[in-house]
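*Asks:* what's the 3D shape of this:
(chains A and B)
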2 protein chains.
Amino acid sequence: MKLKDIIAAAVVLGSLASPAAAEGNTAVSVLRAGTRVQTFGPPENFTGTVRVDSRFKGSDPARISGGTVSFEAGARTAWHAHPLSQTLFVTSGVGRVQHWDGEVQEIRPGDIVWIPPGVKHWHGASPTAGMVHLAFSEAQDGKSVDWLEQVTDAQYRK
Amino acid sequence: MKLKDIIAAAVVLGSLASPAAAEGNTAVSVLRAGTRVQTFGPPENFTGTVRVDSRFKGSDPARISGGTVSFEAGARTAWHAHPLSQTLFVTSGVGRVQHWDGEVQEIRPGDIVWIPPGVKHWHGASPTAGMVHLAFSEAQDGKSVDWLEQVTDAQYRK
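*Replies:* Numbers count the residues shown, from 1 in each chain, chains lettered A, B, ... in the order given. All right, here's what the predicted structure looks like:
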């Protein structure tokens, strides 16, 4: 596993040790677009090319962390769940989201996706167009995601 | 005070009683762009015209809520603080943010603003261009904001 993948995995798992966007806890801080090195979603937890930008992490007692995730056409997460929920805000493209035993739902710019605590689901691009969303979630005991099995092509295209 | 302002105040204060984007707590739900009626920031807590779209609120045990806020040029929040932080994601325009005793910082699309718990601050548009951001925060005992005095023109233009 390359270093970039280890970093990406840590980011996706929400296990960054230090507050990424904080300059202490008394000042408003701005994470400028384009100032954080892009990472990639590791193949253990993603299918296709998935890039992560502008990762941020709040500091205690806040639980929030997140980042901007870009999926190429056909790319998607593995099945996973968030102990304390995740919210997606679609900024461009056309995407898909599905919870276990649910229908695939198409998502488009401006849509806000609510993934309740503990709900097994996946999200990603459509087969023909990429999709970008901001994703943010709350950590429980420092953990914000539980990864499960991959989304097969048959599941994705159903 | 008009009904729309009461609703807007409730939204801004994070005191919506019911989970706005949830269909129970077992399904992924999508709040479609344009399907929630726009509200306005009340004059007690804002200067200028401020519109709020796509308000969402997670359900327990998550603490998250938020929405998209559009500030016309010159418009801004009053001074305020969030008991458990707020995060802003700028989607268009040019804006400003400042914490008490800090410098005014310009914010632009793609920037992510971290406002730590309890930090007195304001945010809004630039004097010449509007600004839109997604805003999301965590509630503490059901409360996500403490409103303070207005930002004077002298403070805003400094």
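*Asks:* just checking, what packs against the strand or helix carrying residue A:132?
*Replies:* According to DSSP states H and E, residue A:132 maps onto strand A:131-138. Contact analysis of strand A:131-138 by 3 or more C-beta pairs under 8 Å, 6 or more residues apart in numbering or on different chains; DSSP states H and E lists strand A:64-71, strand A:86-93, strand A:95-99, strand A:121-125, strand B:131-138 as its packing neighbours. Where you see a C-beta, it was placed from the backbone N, CA and C, and this is true even at glycine.
*Asks:* can you tell which of the ones you listed is closest to residue B:39?
*Replies:* strand B:131-138 (13.6 Å; C-beta to C-beta).
*Asks:* List the strands paired with that closest one, with their directions.
*Replies:* According to DSSP bridges, strand B:131-138 forms sheet pairs with strand B:64-71 (antiparallel), strand B:86-93 (antiparallel).
*Asks:* Just put those in CSV and tack on mean neighbour count and mean pLDDT.
*Replies:* Below are the strands paired with strand B:131-138 laid out as CSV (neighbours: other C-beta atoms under 10 Å in any protein chain shown; pLDDT from 0 to 100):
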stretch, mean neighbour count, mean pLDDT
strand B:64-71, 25, 97
strand B:86-93, 22, 98
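*Asks:* With distance to residue A:33 as extra columns, can I get these in TSV?
*Replies:* Putting these into TSV (distance: least, C-beta to C-beta, whole Å) gives the following:
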stretch	distance to residue A:33
strand B:64-71	18
strand B:86-93	8
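*Asks:* Check the gap between the residue of chain A positioned farthest from its centre and chain B for me.
*Replies:* Centroid-distance maximum for chain A: residue A:26 at 27.6 Å, with C-alpha atoms, centre = their mean. Counting by C-beta to the nearest C-beta, to the nearest Å, the separation of residue A:26 from chain B is 6 Å.
*Asks:* wait, what's in contact with that residue?
*Replies:* B:99, B:116, B:119 (C-beta atoms under 8 Å, 6 or more residues apart in numbering or on different chains).
*Asks:* Hmm, the first one is touching residue B:121, no?
*Replies:* Right, residue B:99. Yes - with contact defined as C-beta atoms under 8 Å, residue B:99 counts as touching residue B:121 (4.2 Å).
*Asks:* Find residues that contact each of these two.
*Replies:* Residues touching both residue B:99 and residue B:121 by C-beta under 8 Å, 6+ apart: A:28, B:115.
*Asks:* Quick check: pLDDT value at residue A:60.
*Replies:* Residue A:60 is assigned 89 on the pLDDT scale.
*Asks:* neighbours of it, just the number please.
*Replies:* 11 (other C-beta atoms under 10 Å in any protein chain shown).
*Asks:* coming back round to it: now rank the contacts of residue A:26 by neighbours and give me the top one.
*Replies:* Neighbour-wise, the contacts of residue A:26 (other C-beta under 10 Å) top out at residue B:116, 27 neighbours.
*Asks:* So that residue sits against residue B:85, correct?
*Replies:* Yes - contact status for residue B:116 versus residue B:85: in contact at 5.6 Å, counting by C-beta under 8 Å.
*Asks:* list residues touching both of the two?
*Replies:* Contacts common to residue B:116 and residue B:85, judged by C-beta under 8 Å, 6+ apart, are A:58, A:62.
*Asks:* returning to what we had before: show residues contacting the strand holding residue A:132.
*Replies:* A:14, A:63-71, A:82, A:84-96, A:107, A:113, A:123-125, A:144-145, B:62-64, B:87, B:89, B:134, B:136, B:138.
*Asks:* ok, 6 Å please
*Replies:* A:63-64, A:66, A:68-71, A:82, A:84, A:86-95, A:125, A:144, B:62, B:89 (C-beta atoms under 6 Å, 6 or more residues apart in numbering or on different chains).
*Asks:* quick one: it to strand A:95-99, angle?
*Replies:* 40 degrees (axes from the mean of the first three to the mean of the last three C-alpha atoms, to 10 degrees).
*Asks:* got the residue ranges for the strands in chain A?
*Replies:* A:29-31, A:39-40, A:46-47, A:50-57, A:64-71, A:76-77, A:80-81, A:86-93, A:95-99, A:105-107, A:112-115, A:121-125, A:131-138, A:146-147 (DSSP state E).
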